[in-house]
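[1] okay, sequence plus prediction incoming.
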Amino acid sequence: MQIPQLEPWPDTAEEAEAVQDRLRPRVELSGPTSFALVAGLDVHYHGTGSGGEELTAAVVVLDAATLDVVEQVAVRGKAAFPYVPGLFAFRELPALAEALGRLTVTPDLLVCDGYGLAHPRGFGLACHVGVLTGLPALGVGKTPFVGAHEPPAPERGAWTPIVHDGAVVGRALRTQRGVKPVYVSQGHRVSLDTVTEQVLRLSPRYRLPEPVRRADHLARHPVP
DNA sequence: GCGACAG
DNA sequence: ATCTTGTCGC
């Protein structure tokens, strides 16, 4: 698929935050409610410990109806920014963009490993990827980040709102009975209800949605 | 002011 | 994210 040119990459936290603030108004909070092709995005780090620079970015496209793999791409690269909570996207975006660019099909929804609107400046990785590609995107986090929430009921499908600065920015969603919830939020061109519905539908068996699990596996075990 | 802080 | 064994459960 075709992806827009990445702008000059920020060198400092101040520049990165300015980019987020400038792109933030481009986020759209409504859009399609069904999707034929769904892509999972993930990055695996390998190299120098906590200062690890080497990474592998993976994108796996699934048929949303059957959850069969349609196409997968893995690319090696380097982290493009130091790890700073809230500026996470600047680490992996270049590598993810290159992987997306090598796809021969265009996904209808991007499922990102991280947050979207539930972010200190309301512009997490899922928003950033969505705005850059113009595609609907959502974020799935494994641990709480910003905001407050109550634990959802133990049954699959139960959820509670995540409230930050007086606004609902996401949901803690139970994808499997008795298993820790995941934290979902809008990225781009999707409603929060659609985000919830899609993540639940894409997680028939495990805690994390199938596209993200597939991408995680590919990033860890690329086929040379 | 201090601590906490997606991956 | 990663460093790491065994253990419990399906």
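    Alright, I've got the coordinates.
[2] pLDDT weak spots in chain A?
    Scanning chain A for pLDDT under 70 picks out A:49-52.
[3] now the spatially most central residue of it: how far from residue A:14?
    With distances taken as C-alpha atoms, centre = their mean, chain A has residue A:112 as the residue nearest its mean C-alpha position (1.6 Å). Spatial separation of residue A:112 from residue A:14 under the definition C-beta to C-beta, to the nearest Å is 24 Å. Placement of C-beta: from N, CA and C, glycine included.
[4] related to what we said a few turns ago, which SS class is the residue nearest to the centre of chain A?
    strand (DSSP: H, G, I helix; E, B strand; the rest coil).
[5] could you do the one 4 residues further on as well?
    Three states are possible here, and by three-state DSSP the one that applies to residue A:116 is coil.
[6] spell out which residues of chain A are next to DNA strand B.
    Residues of chain A found near DNA strand B (C-beta under 7 Å from any atom of the strand) are A:42-43, A:45, A:50, A:52, A:83, A:85-89, A:113-115, A:119-120, A:124-125, A:139, A:141-145.
[7] now do the longest helix along chain A: everything it contacts.
    In chain A, taking DSSP state H as the definition, the longest helix is helix A:89-101. The contact list for helix A:89-101 (C-beta atoms under 8 Å, 6 or more residues apart in numbering) reads A:1-3, A:6, A:9-10, A:16, A:39, A:41, A:43, A:55-59, A:73-83, A:114, A:124-125, A:128-129, A:132-133.
[8] which of the residues of chain A next to DNA strand B fall in helices?
    Members of the residues of chain A next to DNA strand B lying in helices (criterion: DSSP H): A:89, A:125.
[9] now, the residues of chain A next to DNA strand B that are in strands?
    Judged by DSSP state E, the subset of the residues of chain A next to DNA strand B located in strands is A:42, A:43, A:45, A:113, A:139, A:141.
[10] determine which two of the residues you listed are furthest apart.
    Between all members of these, the longest pairwise span (C-beta to C-beta) is found for A:45 and A:139 and amounts to 18.8 Å.
[11] same drill for these two, tell me which one is more crowded.
    Shown here are residue A:45 and residue A:139; by other C-beta atoms under 10 Å, residue A:139 has more neighbours (32 against 17).
[12] quick one: the more buried one and residue A:125 touch, right?
    Yes: assessed by C-beta atoms under 8 Å, residue A:139 is found in contact with residue A:125 at 6.4 Å.
[13] which residues of chain A fall in helices?
    Per DSSP H, chain A has helices spanning A:13-23, A:89-101, A:125-133, A:192-201, A:210-220. These are given in chain order.
[14] now do the contacts for the nearest residue to residue A:120 once chain neighbours are set aside.
    If you skip the residues right next to it in sequence, residue A:120 has residue A:86 as its closest partner in space, 4.6 Å away by C-beta to C-beta, 6 or more residues apart in numbering. With contacts defined as C-beta under 8 Å, 6+ apart, the neighbours of residue A:86 are A:17, A:119, A:120, A:121.
[15] also residue A:59?
    Residues in contact with residue A:59, defined by C-beta under 8 Å, 6+ apart, are A:39, A:40, A:41, A:72, A:73, A:74, A:96, A:99, A:100, A:103, A:215.
[16] state the number of residues packed around the closest residue to it other than its chain neighbours.
    Of all residues not flanking residue A:59 in the chain, residue A:99 sits nearest, at 4.5 Å (C-beta to C-beta, 6+ apart). The local packing of residue A:99 (other C-beta under 10 Å) involves 28 other residues.
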